[in-house]
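> I need the structure of the sequence given here:
(chains A, B, C and D)
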Protein chains: 2
Amino acid sequence: MAHSVSNSLHSQRNPGVEPQPNERSIDTRSRILAAAGPVFAAQGYSGATVREICSTASVNIASVGYHFGDKLGLYREVINDLRLARAKRFPTPNTDPKKPQDTLQALVNTLLARMLISEESAWETELLMREMQNPTPVFESIVEGFFRPLFDQLTETLRLLVNSELPMQTVQHLAFSTVGQCLYYRVGAEAIQVLIPEQQRTSHYDIDSLAQHITAVMLAACEKFATSQQQIAPSDR
Amino acid sequence: MAHSVSNSLHSQRNPGVEPQPNERSIDTRSRILAAAGPVFAAQGYSGATVREICSTASVNIASVGYHFGDKLGLYREVINDLRLARAKRFPTPNTDPKKPQDTLQALVNTLLARMLISEESAWETELLMREMQNPTPVFESIVEGFFRPLFDQLTETLRLLVNSELPMQTVQHLAFSTVGQCLYYRVGAEAIQVLIPEQQRTSHYDIDSLAQHITAVMLAACEKFATSQQQIAPSDR
DNA sequence: GGATGTTTTAAACAATCGTTTAAATTGAGT
DNA sequence: ACTCAATTTAAACGATTGTTTAAAACATCC
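Numbers count the residues shown, from 1 in each chain, chains lettered A, B, ... in the order given. You can find the predicted model right below:
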């Protein structure tokens, strides 16, 4: 009745005996995976339908049950493949301790490039954004695999730019300030589209311009934080 | 067959003749509205079901069709009531041109308070967040009614803090930097919960601490931007 | 080439969705 | 008390969802 919690392949009736998948089998499997990503990203997990996925993949509806057991099983595989693919495409910039300013600029560029990507792999970012607002059971692994590495590199770089006696929480807040500014140009993209007329948007909202601005803001903050003993140093009161 | 595009009340058969709603009528109507807000916020528009809304409102399922015509009609009313309620609860801080630093601090405080509210009206912010990622036909009116006023006040305040010859786009970017930092502590809340151990989170992530940090970052940036003719002034290269 | 296990297929399943219908109930005016 | 419009109610509608089933098609090995 209820399918036992076993491998992803349902055909594996007797445990320990690996089935030998056909060439067609892995073809339909990969075709489902390729079609599922954009659909999950566009409609969300619960909004996406296995019928639409199988339709765009030119595959029978029962195939997802056969190859992934479940709709959630398919989603897990999509997330897993996404992590592997992105690790290769966006290599973390090599950190040069002698030029932390340049490292910060490179990190901001990488962050913005990940946010504002508009190629055929834009659905990946969309999917990660949906996970941030509607976390599914795979969210924690996403944070550890995706966000933690960049967050650590960002805090290390910012540490070099400020007074080394600043408490760690302040440096972490500076990292969140950096990420937050980058993230806004994706989360708030629809709002910006309403707030700013199109004429201005076309000329000053490319990745390089935004990266330069955000880097300048954070460098100014770091300089001020570097010369102050306290966490906050009001200027006049 | 298909209900004609008319008033929200279906009972209004002959145009020009206002129906006189009962006491019970406006009671069920308001009870539906009160129940719909949190459900829409928690499940999203398409995820929410009129059955759950009517169940928590202790109202028949057909009532939403009678009073609001449609599920979307109910949603529009929820958004409309939300705008009116929030305009009263979060009055925009009065802007004193002589102390732009204080005005900025107050604006950041208001922004963060709107983001991190955890009272019984937390569903309102949740609903606005969902609109940002999954815009419905009411999104544009939300931006104009909710975001535009604070965005304008923010740009005016920042204008007083920087060189008055700076191009408008730079000031707008500074406003987005401010909003982005505040927004991150809500959008990235789930990620922060994984990245930062609970022990640290309890002591340095209250509204006042975060507002002080963000204000300090933006004041540092403004000071630097005020003394530079160019939009970006690299320090050493 | 027949036997065996793997994969695909069409069809149906039960559950749930938003919406509609027609009758029952209520409330106010005369 | 009767009338008539407003409102509520239970029930059903058609459509769509994820999942399952049993048979057909395929591939592989002896």
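
> any chance you could list what contacts the stretch of helix or strand A:E190 belongs to?
Taking DSSP states H and E as the criterion, A:E190 maps to helix A:189-195. For helix A:189-195, contacts defined as Cβ atoms under 8 Å, 6 or more residues apart in numbering or on different chains pick out A:185, A:201, A:205, B:132, B:135, B:139-140, B:143-144, B:147-148, B:151, B:176. Placement of C-beta: from N, CA and C, glycine included.

> ok, now stretch A:148-155?
A:T92, A:T95, A:L107, A:T110, A:L111, A:V171, A:Q172, A:A175, A:T178, A:V179, B:L195.

> and the host helix or strand of the third one, what's its mean pLDDT?
Element membership for A:L107 (DSSP H and E) is helix A:100-115. Along helix A:100-115, the predicted local confidence has a mean pLDDT of 94.

> can it be found next to chain B?
Yes: Helix A:100-115 reaches chain B (Cβ under 8 Å from any Cβ of the partner chain) through A:Q101.

> and that helix, how far out from the chain middle?
15 Å (Cα atoms, centre = their mean, to the nearest Å).

> ditto for stretch A:210-227
On Cα atoms, centre = their mean, the centre of stretch A:210-227 falls 24 Å from that of its chain.

> may I see the buried residues of it?
Residues A:210-225 are the ones in stretch A:210-227 that count as buried (16 or more other Cβ atoms under 10 Å in any protein chain shown).

> filter the residues you listed by proximity to chain B?
Of those, the ones that also sit near chain B (Cβ under 8 Å from any Cβ) are A:210, A:212-214, A:216-221, A:223-225.

> show the pLDDT at A:S8.
Looking at A:S8, its pLDDT is 39.

> check A:R51 too.
Note on A:R51: pLDDT of 97.

> right, and it touches A:I61 too?
Yes: contact criterion Cβ atoms under 8 Å: A:R51 and A:I61 qualify, at 6.0 Å.

> the helix holding A:E190 - what's its average pLDDT?
For helix A:189-195, the per-residue pLDDT averages 95.

> and that helix, how far from the chain's centre?
21 Å.

> can you check stretch A:135-145 too?
10 Å.

> buried stuff in that stretch?
Neighbour count says stretch A:135-145 has A:P135, A:V138, A:F139, A:I142, A:V143, A:G145 buried, by 16+ other Cβ under 10 Å.

> repeat for stretch A:182-199
A:182-188, A:190-192, A:194-196.

> want to throw the residues you listed into TSV with distance to DNA strand D?
Formatted as TSV, the buried residues of stretch A:182-199 follow (distance: Cβ to the nearest atom of the strand, whole Å):
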residue	distance to DNA strand D
A:C182	33
A:L183	29
A:Y184	32
A:Y185	31
A:R186	26
A:V187	26
A:G188	30
A:E190	24
A:A191	29
A:I192	31
A:V194	30
A:L195	34
A:I196	36
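
> now the two most distant members of the residues you listed.
A:C182 and A:V194 (20.4 Å; Cβ to Cβ).

> ok, residues contacting the helix or strand where A:L210 lies?
Per DSSP H and E: A:L210 is located in helix A:207-226. Helix A:207-226 has contacts (Cβ under 8 Å, 6+ apart) with A:101, A:104-105, A:108-109, A:112-113, A:116, A:158, A:161-163, A:166, A:170, A:174, A:177-178, A:181-182, A:185, A:233, B:170, B:173-174, B:177, B:216-218, B:220-221, B:223-225, B:231-233, B:235.

> just the buried residues from these, in PyMOL please.
Of those, the buried ones go into a single PyMOL selection, burial set by 16+ other Cβ under 10 Å:
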select buried, (chain A and resi 101+104+105+108+109+112+116+158+161+162+166+170+174+177+178+181+182+185) or (chain B and resi 170+173+174+177+216+217+218+220+221+223+224+225+231)
